[in-house]
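# Here is a sequence together with a model predicted from it:
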Amino acid sequence: MTLSIRYEPTKDIDFMTKLFKTTKSSMLRELIDEGRKMKSIELYKQGKISLGLGAKIAKLSMSEYIDLLKEFNVQINIDIDDAKKSLQFARSIL
């Protein structure tokens, strides 16, 4: 895989690992996780993805994703399919 970045990734990661007193691998994992969350929020706000797909992209449960959206003041738009899936899931665990 080739990755083209506008910045100097090695220097940026070194700076951040020193700043947050962590390892490179931990810092990269955290950045990727946060990037997934932020990208899913952006796509959800634009109406390009559903609530379920947003949760999947963010690697969160549906309830965790809803909490994340609330944290960022994103209006939740639940369509009929999402509501049905949520109801089926709730019935399966009760």
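Noted; the coordinates are in hand. Note that the structure is a prediction, hence the values are computed from the model and not measured.
# which residues touch the residue positioned nearest the centre of the chain?
Nearest residue to the geometric centre of the chain (C-alpha atoms, centre = their mean): residue 37, 1.7 Å. With contact taken as C-beta atoms under 8 Å, 6 or more residues apart in numbering, residue 37 is in contact with 58, 60, 68. C-beta here means a position set from N, CA and C on the backbone, and glycine is covered the same way.
# and the helix or strand that the last one is a member of, how far from the chain's centre?
Yep, that's residue 68 we're talking about. Using DSSP states H and E, the element containing residue 68 is helix 62-71. Chain-centre distance of helix 62-71: 10 Å, with C-alpha atoms, centre = their mean, to the nearest Å.
# Also stretch 28-46?
The answer for stretch 28-46 is 4 Å, by C-alpha atoms, centre = their mean.
# Over to stretch 81-92?
With C-alpha atoms, centre = their mean, you get 21 Å for stretch 81-92.
# what does stretch 83-94 give?
How far stretch 83-94 lies from its chain's middle: 22 Å, per C-alpha atoms, centre = their mean.
# Show me the contact partners of that stretch.
With C-beta under 8 Å, 6+ apart as the test, stretch 83-94 has contacts from 52, 62, 78.
# Kindly reformat those residues as a markdown table containing distance to residue 41.
Formatted as a markdown table, the contacts of stretch 83-94 follow (distance: C-beta to C-beta, whole Å):
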| residue | distance to residue 41 |
| --- | --- |
| 52 | 14 |
| 62 | 15 |
| 78 | 16 |
